[in-house]
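Participant: next one to model:
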Amino acid sequence: MYYAPLPSAGWSIGLVFPEEVLFADLGKLARNVVAIGGTGFIILLIAIVLISGAITRPLRELTAKATEIAHGNLDVDVPALKTTDEVGELAHSFGNMKIALKEYIGNLAGNHSRQGAHRKRAQNRPIQYK
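Facilitator: Next up is the predicted model:
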């Protein structure tokens, strides 16, 4: 209900309007806002899950390969990532580290076997006194 005096005419005017009719469009607008907001939230959530998975998947793979290398498996294939970001550089560095470790261990084993052969020859050689 709305009431307003009309001073020029000396009258008053009153208006009666049903509340459900008055606020019908407001309720419809509220439902539309909730529907659009909910849909946007779901789309945003899906985008976040996909993007974070694309970022963390290579890191999880690299972590698994690094763990295998740490346990002594130098024959594991480090994933070759085609990205040039920090994760790609890290994967490339792990690959280089694996190769360097294999070479170092190979050189170390070669030196150890040569030293063993020298000792064996020295033990089999008779001692000569002058």
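Participant: what about the most centrally placed residue in the chain, which helix or strand?
Facilitator: Using C-alpha atoms, centre = their mean, the residue of the chain that lies closest to the mean C-alpha position is residue 56, 2.2 Å off. Taking DSSP states H and E as the criterion, residue 56 maps to helix 24-70.
Participant: and that helix, how far out from the chain's middle?
Facilitator: Relative to its chain's centre, helix 24-70 lies at 12 Å (C-alpha atoms, centre = their mean, to the nearest Å).
Participant: now do stretch 7-16
Facilitator: A distance of 69 Å separates the centroid of the chain from that of stretch 7-16, by C-alpha atoms, centre = their mean.
Participant: where does this protein dip in pLDDT?
Facilitator: Residue ranges of the chain with pLDDT under 70: 1, 112-130.
Participant: how about residue 80, phi and psi?
Facilitator: Geometry field for residue 80 lists phi and psi as phi -90, psi 100, criterion degrees, to the nearest 10.
Participant: same question for residue 79.
Facilitator: Main-chain dihedrals, residue 79, degrees, to the nearest 10: phi -60, psi 130.
Participant: same check on the one 4 residues further on?
Facilitator: When quoted as degrees, to the nearest 10, the phi and psi of residue 83 stand at phi -80, psi 150.
Participant: ok, it - contacts?
Facilitator: Neighbour list for residue 83: residue 58 [criterion: C-beta atoms under 8 Å, 6 or more residues apart in numbering]. In this view, the C-beta of every residue, glycine as well, is placed from N, C-alpha and C.
Participant: against residue 28, how distant is it?
Facilitator: 48 Å (C-beta to C-beta, to the nearest Å).
Participant: same thing with residue 20?
Facilitator: 12 Å.
Participant: and if you look at residue 38?
Facilitator: According to C-beta to C-beta, residue 38 and residue 28 sit 16 Å apart.
Participant: again with residue 75
Facilitator: Distance from residue 75 to residue 28, counting by C-beta to C-beta: 66 Å.
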